[in-house]
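Undergrad: Pasting the sequence and the predicted coordinates here, then a few questions.
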Amino acid sequence: MNTAAKLGSYVLGLAVVFGGALGAGKAVGPVGAPPAEDHSAMAAPTASAGHGEHVTQQAKTDTPGGLQVSQNGYTLDPLTTTIKPGEPTDYRFTVTGPDGKPVTDYQVQHDKKLHFIVVSRDLGSFQHLHPTEAGDGVWSVKLTLPSAGTYRAFADFSPAGGSALTLGTDVLVAGDYEPKALPQVSRTATVDGYTVTLDGDLTPGQASKLTLKVTKDGKPINDLQPYLGAYGHLVALRSKDLAYLHVHPDGEPGDGKTKAGPEIVFYAEVPSTGDYRLFLDFQHEGEVRTADFTLGTGERQPAIPAPTPSEHRDDHGH
Ligand SMILES: [Cu+2]
């Protein structure tokens, strides 16, 4: 699929999701047939100038992915309840459809039927996994969560005949838990000797161009390998509520114009002001690595000053 078609289906997917959410708000029931008002949600971005009603509908239904365990008639249903810190676990779940049965038929997106992202609630740890089908609509993935705490798991998929969805559920790991502060705003990440720099700004409500450049020992990497049908895969999560924003690369391997690095270009649209965590998966010399960033909206400087330790008062003491 070319980029235009991909973008087109992505936009369409969003529109259908919004349309579905609109329908779900009116009546609880099967969401098999698209609600009649689908067209208004789809038209809203361009028709907003003239028609106040459309603006209201758009605002009401513009919910980012990953915040709900059930959306548009589809529900993420974990079958595994206990996870111990540091212990590999066969984590299983189903996605039930509008008919109440586990979904078994999916569309492939980025080389996979389902993408499974697990992050700690404090956004310190990130995993991008690909569960396997264990039969009867059950998904199975070997999951190791490093330490005690609360995690958020996202299932990113597109059911056959439906639109793309990201459902989210919490995963709890028992034990003593020390939440960490959000990593400081930074446009440079290092992983396994690679340095990735980020250029571009996040502007709420607008497709924002982000350019990520991969170097190693000061030399640009020109031979990135395709991973999931692209030279990079970027997941953006909003701090505080972990709204999930799937970001798409500009161009793909083999399209005749996209280079295998050192720069990977993405378009991201964030829904609001705030801080976001960005996780870039890229593959080089046979290994996938993740570079992570914290980026605020609107800031133009490489970094905002970090609070000094003296500013951190213990307001909660008694
Ligand atoms: Cu994936």
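TA: Nice, I can see it. Numbers count the residues shown, from 1 in each chain.
Undergrad: which residues in the protein form helices?
TA: 3-26, 38-47, 52-61 (DSSP state H).
Undergrad: Pull the number of nearby residues for the residue nearest to Arg187 when sequence neighbours are not counted.
TA: Once flanking residues are discounted, Arg187 sits nearest to Leu198: 4.5 Å by CB to CB, 6 or more residues apart in numbering. Just so you know, the C-beta spots here come from the backbone N, C-alpha and C atoms, and that holds for glycine as well. A total of 21 residues lie near Leu198 under the criterion other CB atoms under 10 Å.
Undergrad: Assess the claim that Leu198 and Leu295 are in contact.
TA: Yes. Counting by CB atoms under 8 Å, Leu198 does reach Leu295; the two are 6.9 Å apart.
Undergrad: residues shared between the contacts of these two?
TA: Counting by CB atoms under 8 Å, 6 or more residues apart in numbering, the contacts common to Leu198 and Leu295 are 187, 278.
Undergrad: which residues of the stretch 101-250 of the chain score low on pLDDT?
TA: Scanning the stretch 101-250 of the chain for pLDDT under 70 picks out the ranges 246.
Undergrad: how does it look with 80?
TA: Within the stretch 101-250 of the chain, the ranges that satisfy pLDDT under 80 run 246, 248.
Undergrad: Just give the closest residue to Asp292, not the sequence neighbours.
TA: Leaving out its chain neighbours, the residue that sits closest to Asp292 by CB to CB, 6+ apart is Phe279, at 5.1 Å.
Undergrad: Distance check, that neighbour against Leu234.
TA: Look at Phe279 and Leu234: by CB to CB, to the nearest Å, they are 7 Å apart.
Undergrad: Just want to know which of the two has more residues nearby.
TA: Neighbour count, other CB under 10 Å: between Phe279 and Leu234, Leu234 has more, with 24 against 21.
Undergrad: Would you confirm that that one contacts Leu245?
TA: No. Using CB under 8 Å, Leu234 is not in contact with Leu245, being 9.1 Å away.
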